[in-house]
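[1] Quick check, what structure comes out for this input:
(one chain, ligands or ions: 1)
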Amino acid sequence: MSEKSIERTPSAHYNPLLIKNLLGNPIRQFPTREIVYGDCTRQTYRDLGERIGRLASGLAGLGVKRGDTVAVMDWDSHRYLECFFAVPMMGAVLHTVNIRLSPEQILHTINHAEDDVILVNTEFLPILEAIRDRIEPVKKLVLLNDSGQTPATTLDIGAEYETLLASGDPGHKFPDFSEDARATTFYTTGTTGLPKGVYFSHRQLVLHTLGALSAVTGTGQGRFNRDDVYMPITPMFHVHAWGVPYVATLLGVKQVYPGRYAPEQLLTLIQRENVTFSHCVPTILQMLLASPKVEETDLSRWKVIIGGAALPRTLAKQARDRGVDIFAGYGMSETCPLLTLAHLKPHMLDWDEERQLDIRCKTGLPLPLVELRIVDEDMNDLPHDGKTAGEVVARSPWLTQGYLKDPQSSEQLWRGGYLHTGDIGAIDEEGYLKITDRLKDVIKTGGEWISSLELEDLILKHPAVAEAAVIGVPDPTWGERPLALVVPRPARQVDETAIRDWLKDFADRGIVSKWGIPDRILFVDSIPKTSVGKLNKKAMREQYAQAPNR
Ligand code: AMP
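    From the prediction side, this is the model:
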C-alpha cells in the first residue's frame, strides 16, 4: 500500500518554493517604501527589484553560473539585502562570510566553501591581502565602496559594485529550478575547532520565512506588521540576520540597514527613522542602554527580540523601564535559525509586570512546524513540568541537513533522527521552553547539575555588577565547582563577600541551591567574548581551569 499521488494536468505549473517567490508582491504593493543604508543611501522597493536584476545580470557577466558560490564580506547594508535575493535567485550559493573571525578562519571558510567570487567592502581588503596567496583558486573580486575613493590595494579588483549594477539588466529573468537547490551557506562560530559549514535550500528559507511570519505577525504582544520599521542588529553574515530581512521584505516594511554597529549611530537611526522592530544579542542591547545617547532616544515604540544567548532578567527590566517591548527568541546556526519566540499569550497580557518578565525571559514557544523535545541521554521524553531539564532536540523543515563536507559531525548532529542542539532546557505546562545551559557548559558538582545561566542572572541582579560569567572548573572532591568572573560597574565597590552574601540570600529562599554558590569569584576588567559577542566559555575554562581552587 502506498499513498495516492495528486494528479497534475499537463498544463499545470508546478511551483517550487523559491526565494524569488518572496519578492514580487511587496515590490508591486509597496513600490515606494524605503530601504535606508545608514547615512549613505535611500532606495525604494522598486529600486530593490531593479537592482537585484542588475546585480544578477552583472554577476552573470562576470561568469557566475548556477551552482557557483558567491561570498560577501560587508557590514549590514542594502547591498547585502540585494545579495540575499540575487545570488540564490540565480541558482548560485550565497556565502555570508563572518568578518569577525580571524584571518586564518576566514581563509578556511573561503577555501572550504569553494567561493568563486567575493564581494568585499573596502574595509576588509587588508584581510584578503593578508591571506591572498593561500586562497585557492584565485577568486574574482567585486568591490563594495562607500567612500567614493579608489582604495590603494595590490589585489586585482574585477569590478566595482555600483559600476557592475549600472551596466546590468534591471529586467533580468530568473529561472525556475529545484526548491532543494542550495541557497546559502555560512560557518558556525562554535568555540571549538575549525568553523563548520551549514547550508540551507530555497525550500528551507521560504518555509522559515513563512513560519517566522506566521509567528510574528498579527495582533498581540511583540508583533511585526506592515506599518513597522525594521532594523537588524544581528549581523547579516550570521544566520541571515536570523532570516528576518526575508520576513521584512515579504511584509513590505521600511527597512534600515545600519552598517557597522556603533551604539550612538544605532540609537540615532532608531530615533531618526522611527525604527520599531529589531533583534540583537544581549551584549549589544546592554551597550545601547549604557550609551548616554539613550537619554534622548524614545524607545517606547521599539520591539526587540533578544537571542543568541539567554536574556538576563536585569537587562529585560532595564529595557522595560524605557518602554521597550523586549522578549527572547532562540535558535542556532544549524536551525536557520528560529525555533522559539517568547511572546506573551493573550491571557498573560493582564498579568503584572514581574510575571510578564518571567515569560519574556523564557526561551519561548516553538514556531509553527517546529517540533521540540527535551530528552534524557537515551532519547526518552522528559516531563513538561518547567523543572525537569534535558537536551533540546528538534525537527522542522528548515534545519541544516548536515555540515558541509563533514559526514561524521553531520551524523553526530542528527543522531537518532533529531537535530541535537547541545542545549539543556525545561518545558513548562504552558509549552514555553527555558534554556538553562549548554551541554558542554553545564556545571556538574557532586553529581548535581548547576545552571550557569541562572547563576549569571542572579549575580547580574547585584547593583554593582556590570557583567558576569560562571564556568565549571575541575575540583578533586566534587568533580567540578563553579567559578564566577565579575566585571564591576564603574566607580562601584564590590568584593567577593558581597557577591557571596547576595547569592546566599537567594539560596536561603530556595531560588538556587547552596552548593551552587561559587567558591571563587574573580573580579576582572573584561570577559572573553566570541566573534558574535557571546560569552566565550571555552576561552574562560582554558584561562581559569588551572588556577588553584581554595
Ligand atoms: P549560534 O549558532 O552561534 O547562533 O549559537 C546558538 C546557541 O546560542 C544555541 O545553541 C544556544 O546555546 C544559544 N542561544 C541562542 N538563543 C538563546 C536563548 N534565547 N537563550 C539561551 N541560549 C540561547
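[2] ok, the closest residue to the ligand within the stretch 351-500 of the chain - contacts?
    Residue of the stretch 351-500 of the chain nearest the ligand, by CB to the nearest ligand atom: I435 (3.9 Å). Every residue, glycine included, has its C-beta placed from N, CA and C. Contacts of I435 were listed using CB atoms under 8 Å, 6 or more residues apart in numbering, and they are 310, 330, 363, 392, 423-425, 453.
[3] Can you select the buried ones among those residues for me in ChimeraX?
    Those of the contacts of I435 that count as buried under 16 or more other CB atoms under 10 Å are selected in ChimeraX with:
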select :310,330,363,392,423,424,425,453
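[4] near the ligand too, which of the contacts of I435?
    Restricting these to those within reach of the ligand (CB under 6 Å from any ligand atom) leaves 310, 330, 363, 423.
[5] Reformat those residues as TSV; add secondary structure and pLDDT.
    Below are these laid out as TSV (DSSP: H, G, I helix; E, B strand; the rest coil; pLDDT from 0 to 100):
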residue	secondary structure	pLDDT
A310	coil	93
Y330	strand	98
T363	coil	96
D423	strand	95
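[6] and for stretch 500-520, what are the contacting residues?
    445-446, 448, 450, 454-455, 458-459, 461-462, 470, 473, 478, 481-484, 496, 521, 547, 549-550.
[7] Could you export that stretch as CSV, CA atoms only?
    This file holds the C-alpha atoms of stretch 500-520, laid out as CSV (Å, rounded to 0.1, in the frame of the first residue of the first chain):
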residue,chain,number,x,y,z
ARG,A,500,28.6,35.5,48.1
ASP,A,501,26.2,37.1,50.6
TRP,A,502,24.0,38.2,47.7
LEU,A,503,23.8,34.6,46.4
LYS,A,504,23.3,33.2,49.9
ASP,A,505,20.2,35.2,50.2
PHE,A,506,18.8,33.6,47.0
ALA,A,507,19.9,30.2,48.4
ASP,A,508,18.1,30.8,51.7
ARG,A,509,14.9,31.5,49.7
GLY,A,510,15.4,28.2,47.7
ILE,A,511,16.0,30.0,44.4
VAL,A,512,19.4,28.5,43.9
SER,A,513,21.0,25.5,45.7
LYS,A,514,23.6,26.2,48.4
TRP,A,515,26.2,24.2,46.5
GLY,A,516,25.6,26.4,43.5
ILE,A,517,27.3,29.4,45.2
PRO,A,518,30.8,29.8,43.6
ASP,A,519,33.8,29.2,45.8
ARG,A,520,35.8,31.6,43.8
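[8] Now for L205: which residues touch it?
    19, 88, 183-184, 240, 243, 246, 336, 398.
[9] and which of these is nearest the ligand?
    C336 (10.4 Å).
[10] I'd like the distance between that closest one and P397.
    9 Å (CB to CB, to the nearest Å).
[11] Need the overlap of contacts for those two.
    Joint contacts of C336 and P397 (CB under 8 Å, 6+ apart) are 204, 208.
[12] And H108, which helix or strand is it part of?
    helix 103-113 (DSSP states H and E).
[13] List the buried residues of that helix.
    So for helix 103-113, counting by 16+ other CB under 10 Å, buried means 105-110, 112-113.
[14] ok, and what's touching it?
    Contacts of helix 103-113 (CB under 8 Å, 6+ apart): 69, 71, 93, 95, 97-99, 101, 118, 127, 130-131, 134-136, 139, 185-187, 194-195, 197, 404-405.
[15] elements contacting the strand or helix carrying G58?
    Using DSSP H and E, G58 sits within helix 45-61. Applying 3 or more CB pairs under 8 Å, 6 or more residues apart in numbering; DSSP states H and E, we find helix 45-61 packed against helix 24-29, strand 34-37, helix 78-89, helix 161-166.
[16] following it, which helix or strand comes up?
    In N-to-C order, the element after helix 45-61 by DSSP H and E is strand 69-73.
[17] and the stretch 351-500 of the chain, which of its residues are near the ligand?
    363, 421-423, 435, 438.
[18] Show me the residue of the stretch 151-300 of the chain that gets nearest to the ligand, please.
    T189 (4.8 Å).
[19] What parts of the chain come near the ligand?
    Counting by CB under 6 Å from any ligand atom, the chain sits next to the ligand at 188-189, 239, 307-310, 328, 330, 332-333, 337, 363, 421-423, 435, 438, 532.
[20] can you count the residues close to R8?
    Residues within reach of R8, counting by other CB atoms under 10 Å, total 9.
[21] isn't it right up against N15?
    No - contact criterion CB atoms under 8 Å: R8 and N15 do not qualify, at 11.3 Å.
[22] Wasn't L339 part of a strand?
    Yes - assessed with DSSP: H, G, I helix; E, B strand; the rest coil, L339 lies in a strand.
[23] which residues sit in contact with the residue lying closest to it once chain neighbours are set aside?
    Nearest residue to L339, sequence neighbours excluded (CB to CB, 6 or more residues apart in numbering): G331, at 4.6 Å. Contact partners of G331, counting by CB under 8 Å, 6+ apart, are 239, 242, 307, 337-340.
[24] how far away is G331 from S2?
    Taking CB to CB, one finds G331 at 35 Å from S2.
[25] circling back: highest mean neighbour count across the helices and strands packed on helix 45-61, which stretch is it?
    helix 78-89 (a mean of 26; mean count of other CB atoms under 10 Å).
[26] How about stretch 368-381, which residues are buried there?
    370, 372-375.
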